[in-house]
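S.K.: the following block contains a protein sequence and its predicted model.
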Amino acid sequence: MHEQMIYATYDEMQAELLRLHLQRYGVPCWLRSMRVGGFHGITFGPLGEIRLMTSAPYAAKGRRLIEQATLRGSLSLVPGKAGKAE
């Protein structure tokens, strides 16, 4: 299975909301993070990034759903901490 990153953020809540949103619309996805848990975990740079992943056949649909949700404001995304679509 070839997986693709469809979104990246530093905000754990945003990543989880997007994951649930995509799964609601039939896009299987999961989160991948290099973060180290705990109070002093790294939350910036490449090691703090949380990636939303899906298999290749669902990538376009996943990106489209994320774009629609963020443009409509149907998901509560924190201004200034918005992720970047790939």
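M.R.: Received, thanks.

S.K.: any idea which element Ile6 lies in?
M.R.: strand 3-9 (DSSP states H and E).

S.K.: which positions in stretch 51-70 come out as buried?
M.R.: Neighbour counts over stretch 51-70 (16 or more other C-beta atoms under 10 Å) mark Arg51, Leu52, Met53, Thr54, Tyr58, Ala59, Gly62, Arg63, Leu65, Ile66, Ala69, Thr70 as buried. Placement of C-beta: from N, CA and C, glycine included.

S.K.: out of the residues you listed, name the ones that lie in helices.
M.R.: Ala59, Gly62, Arg63, Leu65, Ile66, Ala69, Thr70 (DSSP state H).

S.K.: pretty sure the third one contacts Ile6?
M.R.: Yes: contact status for Arg63 versus Ile6: in contact at 5.1 Å, counting by C-beta atoms under 8 Å.

S.K.: list the residues that contact the residue lying closest to Lys61 once chain neighbours are set aside.
M.R.: Spatial nearest neighbour of Lys61, chain neighbours left out: Val27 (5.7 Å); criterion: C-beta to C-beta, 6 or more residues apart in numbering. With contact set as C-beta atoms under 8 Å, 6 or more residues apart in numbering, Val27 has these partners: Thr54, Tyr58, Lys61, Gly62, Leu65.

S.K.: correct me if wrong: Asp18 contacts Arg63.
M.R.: I think there's a mix-up here, since residue 18 is Leu and not Asp. No: Leu18 is beyond contact range of Arg63, at 10.9 Å (criterion: C-beta under 8 Å).

S.K.: tally up the residues packed near the residue nearest to Tyr10 when sequence neighbours are not counted, please.
M.R.: Leaving aside its chain neighbours, Tyr10 sits nearest to Gly48 (5.4 Å; criterion: C-beta to C-beta, 6+ apart). Applying other C-beta atoms under 10 Å, we find 15 residues neighbouring Gly48.
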